[in-house]
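Novice: Got a predicted model here, sequence first, then my questions.
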Amino acid sequence: MAAGSNQPRQFRDIFKSCIPFTGTVTLTATAGSETAATVSVPGAAVGDAVIFSLVEDTESGSLTAQVNAADLVEFVLANATASTITIPSGSVVKGVVLKWDDEVGLSGE
């Protein structure tokens with residue numbers, strides 16, 4: 001896309017490739033705490049974007065994911081409630097790591 005173009009960006013214009021993954025997590029966060037688990041994703045790099053889905057109910061917790069080291073996606077369960085939240089052992093998480101295209105500016109420059 002030409003510099004300064006007014007054309008809207010397409011998803012594929014921003015990400016040069018993606019790495020699909022499936023893994024399992026076990027997370028238990030006591031009241032007012034956080035806990036983390038990692039899934040191995042060969043080719044993932046710090047700064048890549050992560051989109052994921054978990055079938056289990058996170059109750060009132062917040063589950064996020066990021067690439068925190070080469071080849072590792074970290075899932076963090078934050079619990080702001082007054083009770084314990086558990087994502088059971090072996091819960092399947094599916095997702096994709098998106099590799100940014102560093103040559104494409106996000107604002108069309």
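Specialist: Alright, I've got the coordinates.
Novice: Any stretches of the protein with poor pLDDT?
Specialist: Applying pLDDT under 70 to the chain flags the ranges 1-9, 11-12, 103-109.
Novice: Buried residues in the helix or strand hosting residue 98, which are they?
Specialist: Using DSSP states H and E, residue 98 maps to strand 85-100. By neighbour count with 16 or more other C-beta atoms under 10 Å, strand 85-100 contains the buried residues 85-87, 91, 93, 95-99. Where C-beta positions appear, they are placed from N, C-alpha and C, glycine not excepted.
Novice: same question, stretch 26-40
Specialist: Within stretch 26-40, the residues scored as buried using 16+ other C-beta under 10 Å are 27, 29, 35, 37-39.
Novice: Tell me the strands beside the strand holding residue 98, with direction?
Specialist: strand 15-29 (antiparallel), strand 49-54 (antiparallel) (DSSP bridges).
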